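Asker: based on what follows, work out the 3D shape:
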Amino acid sequence: MSEPELLAENLACRRGERLVFSGLSFRLEAGGALLVRGPNGSGKSSLLRLVATLIPAADGRLLWGGVPVESDLSRYRQSLHYVGHQDALKAALSPRETLALAASLRGVRQPGAALERALEAFALDAVADWPNRWLSAGQRRRLALCRLFVAPAPLWLLDEPFSSLDPDNQRRLENALEAHREEGGRVILTTHLERAVAGARGIELGSGAAE
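Answerer: From the prediction side, this is the model:
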């Protein structure tokens, strides 16, 4: 991947009357990872939603390749995948149908091999044609993460991605993160777990400091 870097300058986030965080700056280059920690209410999820342009910044700016993201929102949004707390799955669809729809929405009409690799990557191939309502919480979380593979995007924004995953699937996710970064991808993830992400820089919200 040869997409440009992400630069955040003096970001601030306000929810209602409350200033959640301010003065937050970071740079995320090819292969980079940013691990966001902090107590509940410190703004971890809000930071991801802000970077995903789902909520506006109260102050500061985001630049993609040196250009403010709002100058071409469509291009920027096509460059990222956001996986939030909610798995956002339709109960009546199957995992295979879910991923085919996700690929279509990103302009990939025949995902084919990529879709099958995504199911295999998180050990969902055996349940690929079950209705989503039959899936366990861990399987639903893995299916949400499978969307990362059916339409490539250089920037992954992952909110508590290890939640509901057993140790085997946590390792699968770690392998996926490593492979993405080796190809030049970038990752910002939040976690309340004491997990190490190799080579990741850290932000501890609530302290106002970036490591």
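Asker: what does the helix of greatest length in the chain contact?
Answerer: Criterion DSSP state H: the longest helix present in the chain is helix 167-182. The contact list for helix 167-182 (CB atoms under 8 Å, 6 or more residues apart in numbering) reads 31-33, 121-123, 138, 142, 145, 148-149, 156, 161-162, 165, 187, 189, 195, 197-199. Where you see a C-beta, it was placed from the backbone N, CA and C, and this is true even at glycine.
Asker: what's the spacing between that helix and its chain's center?
Answerer: Relative to its chain's centre, helix 167-182 lies at 13 Å (CA atoms, centre = their mean, to the nearest Å).
Asker: sheet partners, orientation included, of the next helix or strand after it?
Answerer: Using DSSP states H and E, the helix or strand that follows helix 167-182 in sequence is strand 186-190. Applying DSSP bridges to the sheet, strand 186-190 is found paired with strand 33-37 (parallel), strand 155-159 (parallel).
Asker: export those to JSON lines and tack on mean pLDDT and distance to residue 94?
Answerer: Converted to JSON lines, the strands paired with strand 186-190 look like this (pLDDT from 0 to 100; distance: least, CB to CB, whole Å):
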{"stretch": "strand 33-37", "mean pLDDT": "93", "distance to residue 94": "32"}
{"stretch": "strand 155-159", "mean pLDDT": "96", "distance to residue 94": "24"}
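Asker: so what's the residue most central in space within the chain bridging to?
Answerer: The centre of the chain sits closest to residue 157, judged by CA atoms, centre = their mean, with a distance of 2.3 Å. Beta-bridge pairing for residue 157 (DSSP bridges): residue 82, residue 188.
Asker: format the strands paired with strand 186-190 as CSV; extra columns: distance to residue 54.
Answerer: As requested, those are arranged in CSV below (distance: least, CB to CB, whole Å):
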stretch, distance to residue 54
strand 33-37, 16
strand 155-159, 10
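Asker: between the ones you listed, which one is nearest to residue 132?
Answerer: Smallest distance to residue 132 across the strands paired with strand 186-190 (CB to CB): 19.7 Å, for strand 155-159.
Asker: surely the residue nearest to the centre of the chain meets residue 79?
Answerer: No. Using CB atoms under 8 Å, residue 157 makes no contact with residue 79, being 10.9 Å away.
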